[in-house]
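>>> Coordinates only, no sequence provided:
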């Protein structure tokens, strides 16, 4: 598959992102990447856990990567990142 | 080693936990687990990234696990968890 299935988690309620992930699986995705930066990282873990525990017990966490991105612009600095890969 | 080397990340400044991790490595640990729940998960990722990027470039992330714990008591519910394993 050329295009990756990615859900970027931000500051909206977790359930918005949960539905986005479930929708991508229902549309045929075998793997969905849940990505977040900074304080949204906790929410990304919530999203992955809610998908697995409430909606798709057959989905497995196939990868969890953490990293750091450099922020440029007015407030330069570093921000942590996470990429959680769910597969069914 | 019978006892695991664990640093539990809570609501204090990240640098407190960074120093706890670095100290455990300096005391001979080959692997340190950085654990957190709920909103402290983002901070746990920060701690792991700061240790790797600023203090111990030789440390590698050897495992990242996410999970869910049930909270009992006055406010029952679920909380997400993370376990980041750093090894040198």
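Structure's in. What do you need? The model shown is predicted, which means the values in this text are computed figures rather than measured ones.
>>> which residue sits closest to residue A:29, ignoring its sequence neighbours?
Of all residues not flanking residue A:29 in the chain, residue A:5 sits nearest, at 4.2 Å (C-beta to C-beta, 6 or more residues apart in numbering or on different chains). C-beta: built from backbone N, CA, C; applies to glycine.
>>> Check the spacing between that neighbour and residue A:26 real quick.
Using C-beta to C-beta, to the nearest Å, one gets 11 Å for the distance from residue A:5 to residue A:26.
>>> and residue A:11, backbone torsions?
phi -100, psi 10 (degrees, to the nearest 10).
>>> Retrieve the pLDDT associated with it.
We note a pLDDT of 96 for residue A:11 in this prediction.
>>> contacting residues for it?
Residue A:11 makes contact with A:40, A:43, according to C-beta atoms under 8 Å, 6 or more residues apart in numbering or on different chains.
>>> now with 10 Å?
Each residue near residue A:11 by C-beta atoms under 10 Å, 6 or more residues apart in numbering or on different chains is listed here: A:38, A:39, A:40, A:43.
>>> Can you narrow those down to the ones near chain B?
By C-beta under 10 Å from any C-beta of the partner chain, the members of the contacts of residue A:11 lying near chain B are A:38, A:39, A:40, A:43.
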